[in-house]
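>>> Quick one, structure for this:
(one chain, ligands or ions: 1)
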Amino acid sequence: MKEKGIKVIKEKCVGCGACIKACPFGAVTLESKIAVIDLDKCTLCGACKEACPFGAIVIYKPQGVKTDVSGYKNVWVFIEREEQKIASVSFELLGKARVLAGDLKSKVVAVFLGSDIKKDTQELIYKGADEVILVEKKELGHFIAENYANTIVRLIQKYKPEIVLAGATTTGRSLVSRIAVKIRTGLTADCTGLDIDKEKKLLIQTRPAFGGNIMAQIITPNYRPQMATVRHKVMKELPPDKNREGKVIEEVLDGKIIDDRIEFVKFIKEESYKVNLADADIIVSGGRGLGEPKNFSLIRELAAALNAAVGASRAAVDAGWIPYSHQVGQTGRTVAPKIYIACGISGQIQHLVGMQSSKIIVAINKDPDAPIFKIANYGIVGDLFKVIPLLVEKIKSK
Ligand SMILES: Cc1cc2nc3c(=O)[nH]c(=O)nc-3n(C[C@H](O)[C@H](O)[C@H](O)COP(=O)(O)OP(=O)(O)OC[C@H]3O[C@@H](n4cnc5c(N)ncnc54)[C@H](O)[C@@H]3O)c2cc1C
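Below you'll find the predicted structure:
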């Protein structure tokens, strides 16, 4: 197997030259009307393969050829925007990236793509970035996975980051999976913990596996960058430090990064986002202990008294008592409010992984041995049908 995993199938190539135009590195030429790839210039970005209308270019995984990991440096965070504002998951990742970069003695670099976004770069520096790589382009104004992936692949090839982090959001997930495939490196989705093995300088990526029954630790020793996604609210955002200084690198990329087969038409916000669990300061959640759907009114009453959002366990959602958009846990939302009140929820691991970062956890459960009490700061052992009305009365009387 050749060192570089790319080849031209001569029988299919008609010498049209589409690959020559597409290659940003000038690595393709024609010889006797057949495309020839200069392996010294080629970075395996895949632009030629995508441009070839005849399927004449093949990129294959080079077996046993590992990345030379020595030249890779710095911790990158993909900065996601939500309705033209920086998504808070990106700030959380900058906070974590600072810790990782501290262990690696490297820099935190924010990768910021969009249109008319330069004004927001300072905020990224205040919240942890040492450098911001800024790519401003009209076509990057709205997130289109293919265009963003093409852009970031080019940046990775140029700067060689050691670690790339993104939010485990719809945007982050659709983006980094594409990048990992194009770059041919590993990706761990939905991490709940990130650390550095200080001896080997490797990123330890922790995530629940087998239905949350084990916490798997995953490493990427042979390929770079090491890539991971992390859910919103799992990591802690740093408070802004207006004395922090950083560098903004404005990148102008030439060559084809925009996929003109795709056009942005309209952004329609998913209905379930209205529940807005992720940003609530207080969440009151109900579980199977409520017994039947109508009893969710108790949870809603307590939530209204506290100006809180309503959450639920999967058991309550599966029973059809409340829509899925309220579910907290491994297969629902990850939340980290200031106060999380779990009512009639036993505290199985799949629920805990979605709320254990809450600042204060209050549990109401009639079973004193319920696992939720192990992580609760305040536990009320009692019948929720008696406890909740008393709480509501007390709060309302204040
Ligand atoms: C792959 C996978 C993914 C999953 N994802 C999630 C997820 O995202 N979120 C999630 O929540 N679960 C998830 N689960 C399910 C999880 O394992 C539990 O089954 C679920 O969390 C249990 O919900 P519960 O605590 O409401 O119900 P139970 O475990 O049945 O607990 C009910 C609790 O209510 C208490 N109770 C009963 N009556 C009263 C009363 N009158 N007053 C006070 N307390 C009372 C009981 O003592 C008990 O502790 C997942 C499971 C799997 C396998």
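
>>> Residue 25 and residue 66, how far apart?
Between residue 25 and residue 66 the distance is 22 Å, computed by Cβ to Cβ, to the nearest Å. C-beta coordinates here come from the backbone N, C-alpha and C atoms, glycine included.

>>> same thing with residue 378?
From residue 378 over to residue 66 the distance is 51 Å, taken as Cβ to Cβ.

>>> Other residues contacting the host helix or strand of residue 379?
Using DSSP states H and E, the element containing residue 379 is strand 378-381. Applying Cβ atoms under 8 Å, 6 or more residues apart in numbering, the external contacts of strand 378-381 come out as 360, 361, 362, 363, 364, 365, 366, 367, 368, 372, 373, 387.

>>> Which members of those residues additionally contact the ligand?
For the ligand, the contacts drawn from the contacts of strand 378-381 by Cβ under 6 Å from any ligand atom are 364, 365, 366, 367.

>>> Next up, the contacts around the residue nearest to the spatial centre of the chain.
For the chain, the residue nearest the mean C-alpha position is residue 167 (1.8 Å; Cα atoms, centre = their mean). The contact partners of residue 167, by Cβ under 8 Å, 6+ apart, come to 78, 80, 87, 89, 90, 93, 229, 230, 231, 232.

>>> before we move on, what about residue 29?
Counting by Cβ under 8 Å, 6+ apart, residue 29 touches 20, 35, 36, 38.

>>> so what's it scoring on pLDDT?
As predicted, residue 29 sits at a pLDDT of 94.

>>> how would you label it: helix, strand or coil?
Under the three-state scheme (DSSP: H, G, I helix; E, B strand; the rest coil), residue 29 adopts strand.

>>> My guess is residue 191 contacts residue 229. True?
Yes: with contact defined as Cβ atoms under 8 Å, residue 191 reaches residue 229; the gap is 6.8 Å.

>>> What are the buried residues along stretch 88-106?
Neighbour counts over stretch 88-106 (16 or more other Cβ atoms under 10 Å) mark 88-101, 104, 106 as buried.

>>> Quick one: mean pLDDT for it?
So the average pLDDT for stretch 88-106 ends up being 97.

>>> next one: stretch 137-144
Mean per-residue pLDDT for stretch 137-144: 94.

>>> repeat for stretch 329-343
According to the model, stretch 329-343 has a mean pLDDT of 93.

>>> ok, now stretch 192-201?
Across stretch 192-201, the per-residue pLDDT values average to 94.

>>> do the same with stretch 116-133
Confidence over stretch 116-133, taken as the mean pLDDT, stands at 97.

>>> which residues make contact with that stretch from outside it?
With Cβ under 8 Å, 6+ apart as the test, stretch 116-133 has contacts from 74, 77, 79, 81, 86, 90-91, 94-95, 97-98, 101, 107-112, 134, 136, 141, 155, 159, 237-238, 240-242, 244-251.

>>> Tell me the buried residues within those residues.
Using 16+ other Cβ under 10 Å, the buried ones in the contacts of stretch 116-133 are 74, 77, 79, 81, 86, 90-91, 94-95, 97-98, 101, 107-112, 134, 136, 141, 155, 159, 237-238, 246, 248, 251.

>>> which ones among the residues you listed are found in helices?
90, 91, 94, 95, 97, 98, 101, 155, 159 (DSSP state H).

>>> Setting aside sequence neighbours, what's the nearest residue to the third one?
Think residue 94. Leaving out its chain neighbours, the residue that sits closest to residue 94 by Cβ to Cβ, 6 or more residues apart in numbering is residue 128, at 3.6 Å.

>>> Could you give the secondary structure assignment for the one you found?
Residue 128 - assigned by three-state DSSP - is coil.

>>> What does it show for phi and psi?
Main-chain torsions, residue 128, degrees, to the nearest 10: phi 130, psi -20.

>>> Next: residue 315.
Per-residue torsions, residue 315: phi -60, psi -40 (degrees, to the nearest 10).

>>> which residues sit in contact with it?
287, 288.

>>> ok, back up a step: so which of the contacts of residue 167 comes closest to residue 204?
For those, the closest approach to residue 204 (Cβ to Cβ) belongs to residue 230, at 13.1 Å.

>>> show me the contacts for the residue nearest to the closest one when sequence neighbours are not counted.
Of all residues not flanking residue 230 in the chain, residue 191 sits nearest, at 5.0 Å (Cβ to Cβ, 6+ apart). Going by Cβ under 8 Å, 6+ apart, residue 191 touches 168, 205, 206, 207, 228, 229, 230, 234.

>>> Out of the residues you listed, list just those in strands.
205, 206, 207, 228, 229, 230 (DSSP state E).

>>> Show me what from the chain comes close to the ligand.
Proximity of the chain to the ligand is confined to 211, 287-289, 313-316, 327-332, 344-346, 348, 350-351, 354, 364-367, 370, 383-385 under the rule Cβ under 6 Å from any ligand atom.

>>> Got a quick PyMOL command for the buried subset of the residues you listed?
Here is the PyMOL command that selects only those of these that count as buried (16+ other Cβ under 10 Å):
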select buried, resi 287+288+289+313+314+315+316+327+328+329+330+332+344+345+346+348+350+351+354+364+365+370+384
